[in-house]
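A.B. asks: quick one, fold the following:
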Amino acid sequence: MATNGRSRDETVLITALASGKTNQEASDLSGIPERTVYRRLKKPVFKQRVAEARDDIFQRVNGQLADINAAAVQRLDELIHSRNETVAIQAIRLALDHTRKQRESTQEQAAEGVKITEIVLHEPHYGQAEREADLRELRGGA
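C.D. replies: Numbers count the residues shown, from 1 in each chain. Take a look at the predicted model:
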């Protein structure tokens with residue numbers, strides 16, 4: 001019986017940590033002492049289990065977002081074909097605005113990639129410190 005309780009407590013602990021709870025919050029939720037939480041987090045196998053649980057959560061959320069996005073696109077398509085011209089025009093504007101923003105974002109990412117490549121490959125006279133400073137600046141760092 002105690003093993004099942006410990007197993008359940010550890011599952012609660014891993015899920016809480018993977019969900020972004022603090023060590024104290026995870027301790028409170030699982031009933032496992034906070035000092036034990038810190039000790040377990042030092043063990044690579046336990047950290048791996050938390051990482052895998054986090055990945056599982058992330059995959060589930062991404063799946064739900066994909067479903068929502070599909071429904072949103074379907075609804076937007078319905079609104080674009082609305083008999084109410086005002087609704088249709090607003091839906092068309094929304095779709096075109098989103099497409100424009102997506103294209104701009106993609107172009108910015110591509111341009112950043114080109115700049116980074118130029119710095120890394122075509123500026124061999126730079127010292128390592130200058131190259132790292134340029135890369136930080138391009139990535140928005142200080």
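
A.B. asks: now do the contacts for Leu96.
C.D. replies: By Cβ atoms under 8 Å, 6 or more residues apart in numbering, no residues touch Leu96. C-betas here are computed from N, CA, C, even on glycine.

A.B. asks: in whichever strand or helix holds Asp67, what counts as buried?
C.D. replies: Asp67 is located in helix 44-80, with elements delineated by DSSP states H and E. Within helix 44-80, the residues that count as buried by 16 or more other Cβ atoms under 10 Å are Phe46, Arg49, Val50, Ala53, Arg54, Leu79.

A.B. asks: what sits closest to the fifth one if chain neighbours are left out?
C.D. replies: When you say that, I think you mean Arg54. Ala18 (4.1 Å; Cβ to Cβ, 6 or more residues apart in numbering).

A.B. asks: what separates the one you found from Val37, distance-wise?
C.D. replies: 13 Å (Cβ to Cβ, to the nearest Å).

A.B. asks: now do Gly63
C.D. replies: Separation of Gly63 from Val37 (Cβ to Cβ): 29 Å.

A.B. asks: same question for Gln107.
C.D. replies: The gap separating Gln107 from Val37 is 45 Å, by Cβ to Cβ.
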